[in-house]
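S.K.: Predicted coordinates and the sequence they were generated for:
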Amino acid sequence: MTPGSGPVLSGPFTFEPTKIDGSRLALEYRIGADIELAEIIEFPFQLPDTPAIAAAVRVLHLVAGVSYYKCVAPTALVTPPLLDTERALVVALYDDGLREFAYRNGFAVPLPVELRTQPDDTAAPIAAPAS
């Protein structure tokens, strides 16, 4: 296969539900309908089932996806329902954080960030901690 003659990847880029199994965390993503990706993190301890851990996992999932997103940028990001703060983080990371990437690859700067909410409500947003 010559460079540039491989399959063309197309989105959207979807954040799939995360999975926690004891000390193992799977951050799952999908590109289009066919390509499934997972970032597996093994902790040296069991992850407790608490709101704080769930919130941290949600943010880690959103942030860790950026390297996979580059495979299909720019394309829509399909996320679970997001809190306003999570939405602001995603827009800043996938726009401001990818401006050099966009410039070097001939994409529009700023990189357009299209967010779509997943149609099913499998991952409801976590309530913000009380102040």
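M.R.: The structure has been received and is ready for your questions.
S.K.: for the chain, what spans make up the strands?
M.R.: Using DSSP state E, the strands of the chain run over residues 13-15, 19-21, 24-31, 35-42, 77-79, 115-117.
S.K.: Where does pLDDT dip in this structure?
M.R.: Applying pLDDT under 70 to the chain flags the ranges 1-8, 120-131.
S.K.: in the lengthiest helix in it, what counts as buried?
M.R.: Counting by DSSP state H, the longest helix found in the chain is helix 51-64. Buried residues in helix 51-64, counting neighbours by 16 or more other C-beta atoms under 10 Å, are found at 55, 57-58, 61-62. Any C-beta I mention is one placed from the backbone N, CA and C, and that applies to glycine too.
S.K.: Looking at the residues you listed, spot the one nearest residue 20.
M.R.: Of all these, residue 20 sits closest to residue 57, with 7.0 Å by C-beta to C-beta.
S.K.: ok, that closest one - contacts?
M.R.: 18, 20, 25, 27, 47 (C-beta atoms under 8 Å, 6 or more residues apart in numbering).
S.K.: All set now, cheers.
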